[in-house]
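Novice: Predicted structure and sequence below. I'll ask about it afterward.
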Amino acid sequence: MGTVRTAYFITHAEVEIDPSIPVPQWRLSTKGRARHEAFNRHGFVAGISAVYASDERKARDGGEILASPLGLELQIEPALHENDRSATGFLPPHEFEATADAFFANPEQSIRGWERAIDAQARIIAAVEAILDKDGGSGDIAVVAHGGVGALLLCHLLCVPIDRRYDQAPGGGNYFALDVTSRRLLHGWQRIEP
């Protein structure tokens, strides 16, 4: 039996929140950077031969932290972006959480102008499938993106309806793994630290 080629879906960790700049331009905080550096201490990281990331700054930061020590060039895939929330921009935490709850609970509706959950799910599935299909390497693959679309992808892999109970733990900086060939989920959310 051959070795399983694994894809790791990794979400960016904590960010520097700045309501004065667009959310996609937020960068990782000092704590978030340290958590991504800790991810590199996992033994399996040495087997990664390709790193892809969303074009959002926080995901690019996490992707660069992973790719650079491996001597890999970070590959940007714009379709890996978080669910489009530009209609509201920054929301205070309590308002954001209530809106996110509604986003997951009503996947066929646009909540406050946000991208519909079913559309974000179709986009992230297509983006990850395209990466896994086109990557010609023999090593494992890392995809650094976002928690909301990660939860939507996880629901797809589990063959369950969209539901926020499949979201990552608060704070971000989590990952799950799947078999590149079979697309079978190998494990659910785990924190990025070893």
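Specialist: The structure has been received and is ready for your questions. Numbers count the residues shown, from 1 in each chain.
Novice: Can you work out which other helices and strands pack against the helix or strand containing residue 97?
Specialist: In this assignment (DSSP states H and E), residue 97 forms part of helix 93-105. Secondary-structure packing of helix 93-105 (3 or more CB pairs under 8 Å, 6 or more residues apart in numbering; DSSP states H and E): helix 147-158. No exception for glycine: its C-beta is placed from N, CA and C like everyone else's.
Novice: Just after the helix it packs on, pick out the following helix or strand.
Specialist: Proceeding N to C from helix 147-158, the next assigned helix or strand is strand 174-179, under DSSP H and E.
Novice: Strand partners (parallel or antiparallel) of that next one?
Specialist: strand 6-11 (antiparallel), strand 185-191 (antiparallel) (DSSP bridges).
Novice: For residue 91, find the nearest of the ones you listed.
Specialist: With CB to CB as the criterion, residue 91 lies closest to strand 6-11 of the strands paired with strand 174-179, at 18.9 Å.
Novice: so the closest one versus helix 147-158, what angle?
Specialist: Angle, strand 6-11 to helix 147-158, by axes from the mean of the first three to the mean of the last three CA atoms, to 10 degrees: 150 degrees.
Novice: burial measure for residue 169, as a count.
Specialist: Number of residues near residue 169 (other CB atoms under 10 Å) recorded here: 12.
Novice: Check whether it really touches residue 188, as I assumed.
Specialist: No - counting by CB atoms under 8 Å, residue 169 stays clear of residue 188, with 11.0 Å between them.
Novice: Check the offset of the biggest helix by length in the chain from the chain's centre.
Specialist: Secondary structure of the chain per DSSP state H: the longest helix is helix 117-134. Centroid displacement of helix 117-134 relative to its chain, using CA atoms, centre = their mean, to the nearest Å, is 12 Å.
Novice: what angle separates it from helix 93-105?
Specialist: Angle between the axes of helix 117-134 and helix 93-105 is 80 degrees (criterion: the same axes, to 10 degrees).
Novice: Now the very next helix or strand once past helix 117-134: average pLDDT?
Specialist: Per DSSP H and E, helix 117-134 leads on to strand 140-145 as the next helix or strand towards the C-terminus. For strand 140-145, mean pLDDT rounds to 98.
Novice: Strand 140-145 pairs with which strands, and in what direction?
Specialist: Here strand 140-145 is paired, per DSSP bridges, with strand 6-11 (parallel), strand 48-53 (parallel).
Novice: what's that strand in contact with?
Specialist: 5-12, 44, 47-54, 59-60, 62-63, 66, 77, 80-82, 124, 128, 131-132, 135, 180 (CB atoms under 8 Å, 6 or more residues apart in numbering).
Novice: Ok, stretch 103-123 next?
Specialist: 79, 83-85, 87-88, 99, 102, 148-149, 151-153, 155-156, 161-164, 167.
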